[in-house]
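*Asks:* Got a predicted structure plus its sequence, pasted below:
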Amino acid sequence: MAFPKVGNLAPAFSLQNQDGEKVALKDFRDKKNVILYFYPRASTPGCTVQGEGLRDIKTELDKRDYVAIGVSFDPVAKIKKFHDKYEFNFPLLSDEDHAIIDKYGCWQLKKFMGKENMGTVRTTFIIGKDGRLKHILDKFKTKSHHEDVLALIDELDL
């Protein structure tokens, strides 16, 4: 499945966060721009570094009227441990059946160490307050992801 198209409405979702509470895209409509990022697995090195980067720029995101939201297919209990251990200051959502990950085109065949399997392709979607997809970021390094996001949202100036 391909990524949704920039300019279209972002696919709707309603998923449980690390505390078991429902979080929906519509909750942010007309209130906040959304940095929706899909990551492969909680508590892995790359996903931790990526999350820490976004955690550390929360003040900058707040100033620009953005909220970060992470999504993986890990169960709520696993993302709760991940969220608490690294003191993330934004929601992590559980998509165990990967229905939303798939809607966003991020559930794909991956190759790792000579093996092929289906999994989440690390991708970030910038969604405006109007619910429309403004940009897709799918080529980046986890260590500088937060810097790339800040530069991009400053360029978009939503």
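*Replies:* Done, it's in. Numbers count the residues shown, from 1 in each chain.
*Asks:* Doesn't Leu152 lie inside a helix?
*Replies:* Yes - with DSSP: H, G, I helix; E, B strand; the rest coil as the criterion, Leu152 is assigned to a helix.
*Asks:* The closest residue to it other than its chain neighbours: how many residues sit nearby?
*Replies:* If the residues on either side of it in the chain are set aside, Leu152 comes closest to His135, at 6.0 Å by C-beta to C-beta, 6 or more residues apart in numbering. In short, each C-beta sits where N, CA and C put it, glycine included. By other C-beta atoms under 10 Å, the residues close to His135 number 17.
*Asks:* hang on, His135 in a strand?
*Replies:* Yes - per three-state DSSP, His135 lies within a strand segment.
*Asks:* what's the pLDDT at the residue most central in space within the chain?
*Replies:* Residue closest to the average C-alpha location in the chain (C-alpha atoms, centre = their mean): Tyr37, at 1.5 Å. Looking at Tyr37, its pLDDT is 98.
*Asks:* mind checking how far the lowest-mean-pLDDT helix or strand in the chain is from the chain centre?
*Replies:* Every helix and strand in the chain was compared by mean pLDDT, DSSP states H and E; the lowest is strand 107-112, with a mean of 88. Here strand 107-112 is found 18 Å from its chain centre; the criterion is C-alpha atoms, centre = their mean, to the nearest Å.
*Asks:* same thing with stretch 125-133?
*Replies:* Between the centre of stretch 125-133 and the centre of its chain there are 13 Å (C-alpha atoms, centre = their mean).
*Asks:* Now that stretch: buried residues?
*Replies:* Residues of stretch 125-133 classed as buried: 125-128, 131, 133 (neighbour count, 16 or more other C-beta atoms under 10 Å).
*Asks:* what does that stretch contact?
*Replies:* Stretch 125-133 is contacted from outside by 4-10, 25-26, 28-37, 65, 104, 134-137, 149, 152-153, 156, 158, using C-beta atoms under 8 Å, 6 or more residues apart in numbering.
*Asks:* Show me which of those residues are buried.
*Replies:* 4, 10, 25, 28, 32-37, 104, 134-137, 149, 152-153.
*Asks:* Sketch out the low-pLDDT regions of this structure for me.
*Replies:* Scanning the chain for pLDDT under 70 picks out 1, 158.
*Asks:* How much space separates His98 from Val6?
*Replies:* Distance, His98 to Val6, using C-beta to C-beta, to the nearest Å: 22 Å.
*Asks:* go on, Val34?
*Replies:* Going from Val34 to Val6 by C-beta to C-beta gives 14 Å.
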